[in-house]
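S.K.: Sharing a sequence plus its predicted fold:
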Amino acid sequence: MNQTDKDLLNVIADGSNFEGAYNIRKNGEGIERKITENVNIVTKKDKAGIDIIIKENTKFEYIHIPVIITESGLKDVVYNDFYVGKNANVVIIAGCGIHNDEHSDSEHNGIHRFFLEEGAKVKYIEKHYGEGKGKGKRILNPITEIHLKAGSSLEMESAQIKGVDSTIRITNGILEDNTNLVIQEKIMTHGKQFAQTNFNLELNGENSSSNIISRSVAVDSSKQIFNSQIYGNNKCFAHVECDAIIKDKASVKSVPEITANNVEANLVHEAAIGKIAGEQLIKLMTLGLTEKQAEEEIIKGFLR
């Protein structure tokens with residue numbers, strides 16, 4: 001790996017020297033891999049991608065599967081499946097960084113499927129980032145499919161840091177009895193960037209629950225769309241919250257849909273979109289910050 005590769009990994013995966021199991025993908029090919037006693041990583045034979053197989057009762061191991069793209073004009077598609085054994089408890093760190101200094105578009109589409117067995121717990125962290133001086137776009141279209149068996153839980157932290165010109169993010173989930181899904185999403189767009197998020201969750205199990213929180217900032221002429229479809233098919237609880245700050249000529253659209261197919265389904269949706277509150281700016285400016293500095297601090301805190 002060269003310095004550009006390491007810099008990308010520092011942003012999306014907090015470094016390039018990983019403990020535990022890992023697989024690094026660069027420009028459509030796996031370049032480094034390590035497995036452990038409890039975590040096996042196997043290359044798919046029928047299509048691009050890997051199977052990550054985690055033994056039951058595995059506790060507190062870290063698994064890194066970052067993707068970096070430095071080749072302009074590349075369209076990369078990868079299929080990664082996570083099989084998490086009973087009562088395992090692990091942290092998975094993914095994400096994609098694109099460096100594009102040329103004039104052709106670079107694109108990565110990651111299709112991730114999670115299969116959690118009974119009692120399994122996963123924390124999944126995914127960061128997206130783009131950089132480069134070229135006019136070529138940096139495009140990221142992640143698809144996440146979640147299957148939670150009885151008593152399992154998944155906590156997902158998803159962040160689009162900056163530099164991504166276009167993204168359509170799709171998350172589908174099926175929840176069985178006594179499962180819990182928590183998703184925290186943070187998106188920043190500027191210039192003429194576009195971001196769309198689609199959530200589709202089916203709470204099929206008794207006492208299943210989900211909590212989705214989306215925080216976004218759109219500035220300049222960027223556009224964002226937030227779609228959520230939640231189906232309560234049993235005694236369950238779901239909460240969806242979409243909060244956005246807009247500036248300049250940016251726009252954010254929130255389209256909620258909640259459907260209760262059971263009398264004991266408890267579904268809640270909240271949405272708030274608006275500009276930075278004037279009193280917040282004034283408070284920070286009285287501390288000596290310029291208006292621009294105050295705006296930056298408020299945005300940082302909002303997305304923290």
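M.R.: Okay, I see it. Residues are numbered from 1 along each chain as shown.
S.K.: Span of stretch 64-81 from start to end?
M.R.: Taking CA to CA, to the nearest Å, stretch 64-81 runs 14 Å from one end to the other.
S.K.: Identify all contacting residues around stretch 290-301.
M.R.: If you take CB atoms under 8 Å, 6 or more residues apart in numbering as the criterion, stretch 290-301 is touched by M188, V217, I245, K247, I276, Q280, L281, L284, M285, L289. In this view, the C-beta of every residue, glycine as well, is placed from N, C-alpha and C.
S.K.: Just the mean pLDDT for that stretch, thanks.
M.R.: What stretch 290-301 shows for mean pLDDT is 80.
S.K.: Can you give me the buried ones in it?
M.R.: Neighbour-count burial for stretch 290-301 flags A294, E295, I298, I299 (criterion: 16 or more other CB atoms under 10 Å).
S.K.: Stretch 154-173 now?
M.R.: 154-156, 158-161, 163-173.
S.K.: re earlier: using a markdown table, lay out the contacts of stretch 290-301 together with distance to D46.
M.R.: As requested, the contacts of stretch 290-301 are exported to a markdown table (distance: CB to CB, whole Å):
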| residue | distance to D46 |
| --- | --- |
| M188 | 36 |
| V217 | 40 |
| I245 | 44 |
| K247 | 46 |
| I276 | 49 |
| Q280 | 53 |
| L281 | 55 |
| L284 | 55 |
| M285 | 59 |
| L289 | 55 |
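S.K.: ranking those residues by neighbours, who comes first?
M.R.: In terms of neighbour count, V217 stands highest of the contacts of stretch 290-301 at 25 neighbours, by other CB atoms under 10 Å.
S.K.: Shouldn't K292 be within a helix?
M.R.: Yes: counting by DSSP: H, G, I helix; E, B strand; the rest coil, K292 is located in a helix.
S.K.: From I246, how far out is it?
M.R.: 17 Å (CB to CB, to the nearest Å).
S.K.: again, but for S228
M.R.: From S228 to I246 the distance is 19 Å (CB to CB).
S.K.: in the stretch 151-300 of the chain, which spans are strands?
M.R.: 153-162, 166-175, 180-189, 194-203, 208-218, 223-232, 236-246, 251-260, 265-274 (DSSP state E, counting those that start in this stretch).
S.K.: Output these in TSV, with distance to M1 and mean pLDDT appended to each entry.
M.R.: Shown next, in TSV, are these (distance: least, CB to CB, whole Å; pLDDT from 0 to 100):
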stretch	distance to M1	mean pLDDT
strand 153-162	20	94
strand 166-175	25	97
strand 180-189	27	96
strand 194-203	29	97
strand 208-218	32	95
strand 223-232	33	96
strand 236-246	36	95
strand 251-260	37	94
strand 265-274	41	94
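S.K.: and of those, who's closest to D105?
M.R.: strand 166-175 (8.9 Å; CB to CB).
S.K.: End to end on stretch 169-186, go ahead and measure it.
M.R.: End-to-end distance (CA to CA), stretch 169-186: 12 Å.
S.K.: Can you give the distance of that stretch from its chain's centre?
M.R.: How far stretch 169-186 lies from its chain's middle: 11 Å, per CA atoms, centre = their mean, to the nearest Å.
S.K.: now do stretch 172-192
M.R.: 7 Å.
S.K.: May I see the buried residues of that stretch?
M.R.: 172-190.
S.K.: Tell me the one among the contacts of stretch 290-301 nearest to N100.
M.R.: For the contacts of stretch 290-301, the nearest to N100 is M188 (18.1 Å; CB to CB).
S.K.: My guess is that closest one contacts G163. True?
M.R.: No: taking contacts as CB atoms under 8 Å, M188 lies outside contact range of G163: 9.3 Å.
S.K.: rewinding a little: looking at S228 and I246, which has the bigger crowd around it?
M.R.: Neighbour count, other CB under 10 Å: between S228 and I246, S228 has more, with 23 against 19.
S.K.: was I right about that one contacting K253?
M.R.: No: using CB under 8 Å as the test, S228 is too far from K253 to be in contact (12.0 Å).
S.K.: State the distance from the closest residue in space to S153 that isn't next to it in sequence to G85.
M.R.: Spatial nearest neighbour of S153, excluding adjacent residues (CB to CB, 6 or more residues apart in numbering): N180 at 4.1 Å. Distance, N180 to G85, using CB to CB: 18 Å.
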